[in-house]
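Visitor: Sequence unavailable; structure follows:
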DNA sequence: GGTGTTTTCGAAAACGTTTTCGATGAAAAT
DNA sequence: ATTTTCATCGAAAACGTTTTCGAAAACACC
């Protein structure tokens, strides 16, 4: 069974390939009669243009690449969703690659995308990644490029981010507003920027409210897991420092804290209030419902694609593109885990 | 800045395009000297082959398409993960499209993938979908095709599934083994096959154990949400029928049930045992930890890709391919929500 | 030096499309 | 009748690659 091509249609209709192509693309210089005949036959033969040939001619693939550390992650799923939806709306397809937080894999993925001649690349860096050769290659090839979430400031490209520091400040401020006097912070891994920023936000919030910073109230995760939360909760109870509020790097860990407090009969929020980060699904279904910081993941995806689109259009017109940075607002979601009945 | 091409390299080296191409692809009929020169210059110019041209020649895109109802879903994320990983291992790229459970969108997606000339398509049908024209088109174009999870038996293609009915039977059997005498079922939507199969499994398990089926113990979800679970839990307590075990269509709903039971001080599992389905992340972090049925999502992805690969290879060799169906085993994960202390 | 063999290279066609530019014929204007 | 305009079409080049097939050169053998 032969693939239907312009040539085949032209042959069967006894006309030229040119005319067939024009008929299908509504060029004005083809008569209504032949146009109808062409369209009819094209339909009959299930003709679909060969995108390779089209792309080869037009130099456009109408495809963008997306590299993220992990698909199976609530936040990234949301972003992916936003990007795909927006891309589709604009006639673009999305190739998704996973770096699995490995720099080596990330380099391979970039090479693949360049090879595929994608029209643009959206990327959230893996933890190890920085201003490396493979990123420079993207810029060198002048491929439109947008970073989101985990970015490197050293790389001159558009960016979509949230202000982790500010969001963290607001979270801690919320705890203070709820009457917490001694607030602990369970922070993330050492390196990632957002882990650092959230820690700094925590510190700033304390400072702003005249609460002295006490480094013994900061617990550092070795991994971002439920169990880690359980362990720190245990430790916090054993140490009995009089902590009455905890700001946790992310919901998953916070849920671990809640689980252990539940088990030990600690009243949340009345004895200890807990606030997480990222608004995972689980935060809404846990008891007590977990207060958290909402990151607009879907909107970040939309924004990232639109920035990319802007650059693609700009580049196509031969203009030079000035990278932009979009900072999306976060919001505190107040739920049971911080809503004390007796306010101070 | 010009893109590096074979022609450019050939020109600079004063040799033919043919030789350059051969040198880069390790053909035996090119001298070591020219090969080295070519490779050196290619590197210097950051040459990467234009995949459009390659694909146009070779008729292979080394890309597969994946259509799923939703990315932001624990189960699908796992499958996506498996597919991407396995595809990558074999040098394939994955284009992911979302149908959002809309038949119309699904049709559009299929058309897009066909247009992109993907080498194969993996798909989980949307709820509305069946043996429609767009699926027939895939088969008609002889594009390798694998269905997974939500499949249509009417479509002759390879399939990767789990035995929902058997899995449900085992779940209910587990409740019975734990001493439950009066078991309710919160079932899913009316149409989807897996919702029906799990219901049938529930029925069969009762039958097998000589427990009469009572349709008043079956509650039908209007939507798959946490709130739905809360509502049914409320209803079950109000009706006070002496139910001591519940098999729930999926973990999210089951967690809603648990939340309400927790609130009302119902002892789970001692008063009422609860088992869910799918092993969502949330089931491991809820209190009490939710027993559930594990679906091997990652493995399904791997299996799906490998079936597709098999068909792609087979087709390329001109042989006819006989569709296969792989049924992956599920397993009961016993956690706190069913482990009664006092067994009957 | 002739014959055969091996090594190394290149011309050319093909993949399917888009687009430019000119050709053709008919209708309209002079 | 001649020119001008207009509508409709097609030839051909180009995109960058792969691969077939034959040519040329280099070498070996008698």
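Guide: Okay, I see it. Keep in mind the model is a prediction, meaning the values are calculated, not measured.
Visitor: residue ranges with poor pLDDT in the stretch 1-150 of chain A?
Guide: For the stretch 1-150 of chain A, the stretches flagged by pLDDT under 70 are A:1.
Visitor: So is the host helix or strand of residue A:108 next to DNA strand D?
Guide: Following DSSP states H and E, one finds residue A:108 within helix A:103-115. No: figure legend: helix A:103-115 not in contact with DNA strand D (C-beta under 7 Å from any atom of the strand); closest approach 9.9 Å. (Each C-beta comes from the backbone N, C-alpha and C, glycine too.)
Visitor: Report whether that helix contacts chain B.
Guide: Yes: judged by C-beta under 8 Å from any C-beta of the partner chain, helix A:103-115 and chain B are in contact via A:111, A:112, A:114, A:115.
Visitor: helices or strands up against that helix?
Guide: strand A:63-68, strand A:93-98, helix A:133-140 (3 or more C-beta pairs under 8 Å, 6 or more residues apart in numbering or on different chains; DSSP states H and E).
Visitor: residue contacts, the residue nearest in space to the middle of chain A?
Guide: In chain A, the residue lying closest to the centroid (C-alpha atoms, centre = their mean) is residue A:79, at 4.0 Å. Neighbouring residues of residue A:79 by C-beta atoms under 8 Å, 6 or more residues apart in numbering or on different chains: A:68, A:124, A:148, A:149, A:297, A:298, A:300, A:301, A:304.
Visitor: What is the neighbour count of residue A:205?
Guide: Residues contacting residue A:205 under the criterion other C-beta atoms under 10 Å in any protein chain shown number 24.
Visitor: next one: whichever strand or helix holds it to chain centre, how far?
Guide: Residue A:205 is part of helix A:193-208, with elements assigned from DSSP H and E. The chain centre lies 22 Å from the centre of helix A:193-208; the measure is C-alpha atoms, centre = their mean, to the nearest Å.
Visitor: Around chain B, pick out the residues from the stretch 101-250 of chain A.
Guide: Those residues of the stretch 101-250 of chain A that sit near chain B, judged by C-beta under 8 Å from any C-beta, are A:111, A:112, A:114, A:115, A:116, A:117, A:137, A:140, A:141, A:142, A:226.
Visitor: ok, 6 Å please
Guide: A:114, A:115, A:116, A:117, A:226 (C-beta under 6 Å from any C-beta of the partner chain).
Visitor: Out of those, which two sit at the greatest distance?
Guide: Greatest spatial distance among those (C-beta to C-beta): A:117 and A:226, at 42.4 Å.
Visitor: Same drill for those two, tell me which one is more crowded.
Guide: residue A:117 (22 against 18).
Visitor: List the contacts of the more buried one.
Guide: By C-beta atoms under 6 Å, 6 or more residues apart in numbering or on different chains, the residues touching residue A:117 are A:61, B:51.
Visitor: try residue A:183
Guide: Residues near residue A:183 by C-beta under 6 Å, 6+ apart: A:175, A:245.
Visitor: which stretches of chain A form strands?
Guide: A:63-68, A:93-98, A:120-123, A:145-148, A:158-162, A:183-187, A:218-220, A:245-248, A:273-275, A:292-294, A:325-328, A:331-333 (DSSP state E).
Visitor: Does residue A:75 touch residue A:297 like I think?
Guide: Yes: under the criterion of C-beta atoms under 6 Å, residue A:75 makes contact with residue A:297 at 5.1 Å.
Visitor: Look at these two and report which has more neighbours.
Guide: Taking neighbours as other C-beta under 10 Å, residue A:75 and residue A:297 compare with residue A:297 leading, 25 against 20.
Visitor: Could you measure from the more buried one over to chain B?
Guide: Residue A:297 is 9 Å from chain B, where distance means C-beta to the nearest C-beta, to the nearest Å.
Visitor: can you count the residues close to residue A:22?
Guide: Residue A:22 is flanked by 17 other residues according to other C-beta under 10 Å.
Visitor: nearest residue to it other than its sequence neighbours?
Guide: Distances taken as C-beta to C-beta, 6 or more residues apart in numbering or on different chains put residue A:30 closest to residue A:22, at 4.9 Å, once the chain neighbours are dropped.
Visitor: so what's the one you found up against?
Guide: Listed by C-beta under 6 Å, 6+ apart, the contact partners of residue A:30 are A:19, A:22, A:23.
Visitor: Take those residues and keep only those in helices.
Guide: A:19, A:22, A:23 (DSSP state H).
Visitor: and DNA strand C, which of the residues you listed contact it?
Guide: Applying C-beta under 7 Å from any atom of the strand, the subset of the ones in helices among the contacts of residue A:30 adjacent to DNA strand C comprises residue A:22.
Visitor: possible to save the ones in helices among the contacts of residue A:30 as CSV with distance to residue A:169?
Guide: Formatted as CSV, these follow (distance: C-beta to C-beta, whole Å):
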residue, distance to residue A:169
A:19, 66
A:22, 61
A:23, 62
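Visitor: Serialize the ones in helices among the contacts of residue A:30 to JSON lines and add fields for distance to DNA strand D.
Guide: Listed next are these as JSON lines, based on distance: C-beta to the nearest atom of the strand, whole Å:
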{"residue": "A:19", "distance to DNA strand D": "3"}
{"residue": "A:22", "distance to DNA strand D": "7"}
{"residue": "A:23", "distance to DNA strand D": "7"}
